[in-house]
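> Below are the sequence and a predicted model for it; my questions follow.
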Amino acid sequence: MKLFVFDTLFDRLLTSLQQANELPSTDEELGFLSDLLQSKELHALVNVHNKIITNGASDKFFPMLSTSVNVMYDVLEVIAVRTHISEDCKELFYLLQKPHVQGLLCAHDAVAQKDYYPHLPEIPIEVDEDEETIKIVQLVKSNEPLGATIKTEETSGKIVIARVMHGGAADRSGLIHVGDEVVEVNGINVEGKTPADVLSILQNSEGTITFKLVPANGKSTIRESRVRVRAHFDYAAISDPYIPCKEAGLDFCKGEVLHIVSQDDAYWWQARKEGDRNMRAGLIPSRALQERRIILERTFDKDKENGLCSVSALPVLSCSQSPKSPRCISKPKTKKIMYDTAENDDFDREHIATYEEVAKLYPRPGIYRPIVLIGSPGVGRNELKRRLIDTDPEKYKTPIPYTSRAMKPGEVNGKEYFFVTREQMEEDIEAGKFIEFGEYKGNLYGTSADSVKSIVNSGHVCILNPHYQALKMLRTPQLKPYIIYIKPPPLDVLKRTRTALNAKSTFDVNSSRGFTDEEFSDMIKSAERIEFLYEHLFDEQIINADLALAFGQLLASANRLETEPLWVPASWVQ
Ligand SMILES: Nc1ncnc2c1ncn2[C@@H]1O[C@H](COP(=O)(O)OP(=O)(O)OP(=O)(O)O)[C@@H](O)[C@H]1O
């Protein structure tokens, strides 16, 4: 095989160019040619070309045979009746039947036979002399979407590439860029046509699609952002009337972590599901767009109450609001406390939960994230907490509450409670030192943030079940709590499971009776309200139907916290 060493040919060409004064060319043309011949890019290409040619010439890259699949079948036939002869024979017999081995041999033969699909037709090159730079791109139509959108440019009326989806067919081709003008599709001039016309040309075409494009000015580099977010709403592109291209949409559910690969467009981000092996990105509404929709929806909801809106204008958003649950009435246990702030909890939902930027937090030996159990009164948080502590009381600790009440005979300061004066406690509450506090029978009770910190700092796992209002103070970068929502099962299951285990009502002062039907219903209503207000802060949800199962899930989560990296707000790991 003859190898062309282009570098030396270039040198000769360059030398002769310098002597080419008699050629009927302008200085500009000669200059252009000379620059081209000396350009780094061209030399790099030539290097690649030379390497391929040199390697191609080497024997080691030639296949020994191109029909290995046939050989495999022959071998299988021969040894099928001889597997008893030796273990090796048997092993080979099974090995050759494995789909992966057969697939490998198949691929080998296809490469050996140079049986590459698809076979692209010759590119038609009919470019006018005075035509500007044109690129002709051929793509093979498949089930996969093209991964690009087009639009009519407002000023010029030209059809241009509006968006290229990360990892999609157009992006992978490396040939189609945002801003490229579409001149022809499959030989059909698209001048004066609408994007819908172009779409129908594409839909009706078969085999290959040929685009004639005028490249956009300047290079558009697609660099993937590293941002990950947790979605706080469900999204289905099919029911979104505003998405530029429904097929390009990415559906997701509340709680899923998304990798935002591009935020270039103010309204439509490109994203992939974290861990999804499908490399193609999809369109999702940007934070700004989603916030706008929520505001619109809230306005709509208010108007709807006044009979002002028609349903067809409503953007879809799922959230459920339950009637305000009755305030928690105290019983003579310090954990039952009335919250002065409880009336204000609508405030929390004012914060528009769309996406939260997250990052992975790796477990650190000896520093454990506090486990916070949130749920409606009576749902079983104490029971679950108690069971977890029982598994290893040296490891799991719960903060000792403070009280302003007088110490009773037999009580020890720092055992059941820390006993402090009312003045001291009021001062500390005022200074924001308590994550929760309340008053019962004229005495103050509360849990201080410092007690949580000291459990964490002493290398123990802090487990606590505060009132949901405490979340605001607990969810800080310093404490990094893992928040588990304990959810009641549906009413019939709730009643059945509690009756079966003879559960005691936490609304009864003496804990001497079971829950009433009304208390069960209140538990569910209260749960709905907690979900509405705080769902976006939960790391996990455990449905407390069967107690043993729910506890098993809690124990597994506690173990996972110590061993696995988990998603947390990005600001916690910076
Ligand atoms: N899954 C379950 N099945 C049956 N009984 C349960 C279950 N979970 C908890 N219980 C029982 O329900 C009662 C109330 O549970 P617990 O005291 O843990 O509620 P709580 O959520 O801590 O309530 P509060 O917040 O009002 O103190 C207890 O008797 C407990 O044993």
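That came in fine, so what should we check first?
> Show me which helix or strand of this protein is least confident by mean pLDDT.
helix 346-350 (a mean of 48; mean pLDDT, DSSP states H and E).
> Check for me that residue 439 belongs to a strand.
Yes: according to DSSP: H, G, I helix; E, B strand; the rest coil, residue 439 belongs to a strand.
> So what sits opposite it in the bridge?
residue 444 (DSSP bridges).
> picking up where we left off before, what's in contact with the helix or strand just after the least confident helix or strand of the chain?
Later in the chain than helix 346-350, the nearest helix or strand by DSSP states H and E is strand 355-361. For strand 355-361, the external contacting residues (CB atoms under 8 Å, 6 or more residues apart in numbering) are 227-232, 257-258, 287, 290, 369, 480, 536, 565-574. (Each C-beta comes from the backbone N, C-alpha and C, glycine too.)
> I'd like to know which of those residues are part of strands.
Counted as lying in strands by DSSP state E, out of the contacts of strand 355-361, are 227-231, 257-258, 566-569.
> Please list which of these also come close to the ligand.
Near the ligand, judged by CB under 6 Å from any ligand atom, there are no entries from the ones in strands among the contacts of strand 355-361.
> In those, find the pair that's most separated.
227 and 566 (17.6 Å; CB to CB).
> just to revisit the earlier point, name the nearest of the ones in strands among the contacts of strand 355-361 relative to the ligand.
Nearest to the ligand among these is residue 566, at 24.5 Å by CB to the nearest ligand atom.
> Quickly note the distance from the closest one to residue 388.
18 Å (CB to CB, to the nearest Å).
> which residue ranges form the strands in the stretch 201-350 of the chain?
208-214, 227-231, 257-262, 268-273, 282-285 (DSSP state E, counting those that start in this stretch).
> partner strands of the second one, parallel or antiparallel?
Partner strands and pairing direction for strand 227-231 (DSSP bridges) are strand 257-262 (antiparallel), strand 355-361 (antiparallel).
> now do the first one
For strand 208-214, the paired strands and their directions (DSSP bridges) are strand 135-140 (antiparallel), strand 181-185 (antiparallel).
> Quick check: which of these is buried the most?
Using mean count of other CB atoms under 10 Å, the stretch among the strands paired with strand 208-214 with the largest mean neighbour count is strand 181-185, at a mean of 20.
> just to revisit the earlier point, okay if I get the strands of the stretch 201-350 of the chain as JSON lines plus mean pLDDT?
Below are the strands of the stretch 201-350 of the chain laid out as JSON lines (pLDDT from 0 to 100):
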{"stretch": "strand 208-214", "mean pLDDT": "88"}
{"stretch": "strand 227-231", "mean pLDDT": "94"}
{"stretch": "strand 257-262", "mean pLDDT": "93"}
{"stretch": "strand 268-273", "mean pLDDT": "93"}
{"stretch": "strand 282-285", "mean pLDDT": "94"}
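> so residue 352 makes contact with residue 289?
No: between residue 352 and residue 289 there is no contact under CB atoms under 8 Å: 11.9 Å.
> Contact partners for residue 353?
With contact set as CB under 8 Å, 6+ apart, residue 353 has these partners: 232-233, 536.
> how far away is it from the ligand?
25 Å (CB to the nearest ligand atom, to the nearest Å).
> Use 39 as the first number for this chain going forward.
Sounds good: first residue 39 from here, last item residue 391.
> Please tell me the pLDDT value assigned to that residue.
We have a pLDDT of 82 for residue 391.
> Could you give the number of residues near the residue of the stretch 189-338 of the chain found nearest the ligand?
Distance from the ligand to each residue of the stretch 189-338 of the chain (CB to the nearest ligand atom) is smallest for residue 293, at 22.9 Å. Per other CB atoms under 10 Å, the neighbour tally for residue 293 reads 17.
> In contact with it: list those residues for me.
268-270.
> Tell me where the model's unsure across the stretch 239-388 of the chain.
Applying pLDDT under 70 to the stretch 239-388 of the chain picks out residues 256-261, 338-388.
> please redo it, this time with the cut-off set to 80
243-245, 255-262, 315-317, 335-388 (pLDDT under 80).
> ok, which stretches of it are helices?
Listed in chain order, the helices found in the stretch 239-388 of the chain under DSSP state H, counting those that start in this stretch are 325-343, 384-388.
> For the stretch 289-438 of the chain, what lies in contact range of the ligand?
Residues of the stretch 289-438 of the chain lying close to the ligand by CB under 6 Å from any ligand atom are 373, 413, 415-421.
> Mind checking which of those are buried?
373, 413, 415-419, 421 (16 or more other CB atoms under 10 Å).
> What does the pLDDT read for residue 454?
Taking residue 454 on its own, its pLDDT is 89.
> The one 5 residues further on too?
Residue 459 is assigned a predicted lDDT (pLDDT) of 95.
> List the residues that contact it.
Applying CB under 8 Å, 6+ apart, the residues contacting residue 459 are residue 442.
> Likewise for residue 417?
By CB under 8 Å, 6+ apart, the contact set of residue 417 is 524-526, 561, 565, 582.
> secondary structure class for it?
coil.
> same check, this time on residue 138
helix.
> Then residue 456?
Strictly by three-state DSSP, residue 456 counts as strand.
> I'd say it and residue 442 touch.
No: look at residue 456 against residue 442 with CB under 8 Å: they stay out of range, at 10.3 Å.
> Tell me the spacing between the closest residue to residue 276 other than its chain neighbours and residue 561.
Beyond its immediate neighbours in the sequence, the residue positioned closest to residue 276 (CB to CB, 6 or more residues apart in numbering) is residue 284, lying 6.0 Å away. Relative to residue 561, residue 284 is positioned 41 Å away (CB to CB).
> quick one: which of these two has more around it?
Shown here are residue 284 and residue 561; by other CB under 10 Å, residue 561 has more neighbours (23 against 13).
> residue contacts, the more buried one?
Counted by CB under 8 Å, 6+ apart, residue 561 has contacts 414-417, 526, 532, 553.
> any idea which helix or strand carries it?
Secondary structure assignment for residue 561, by DSSP H and E: helix 555-572.
> Summarise which helices and strands the helix or strand following that helix is packed against.
Counting by DSSP H and E, the next helix or strand C-terminal to helix 555-572 is strand 578-581. Under the contact definition 3 or more CB pairs under 8 Å, 6 or more residues apart in numbering; DSSP states H and E, strand 578-581 sits against strand 520-525, helix 585-601.
> Neighbouring strands - and their directions - for strand 578-581?
Partners of strand 578-581 in its sheet, by DSSP bridges: strand 520-525 (parallel).
> so the strand it pairs with versus helix 585-601, what angle?
Strand 520-525 runs at 170 degrees relative to helix 585-601, counting by axes from the mean of the first three to the mean of the last three CA atoms, to 10 degrees.
> After strand 520-525, heading C-terminal, what element do we hit next?
helix 529-538.
> I appreciate the help and will end here.
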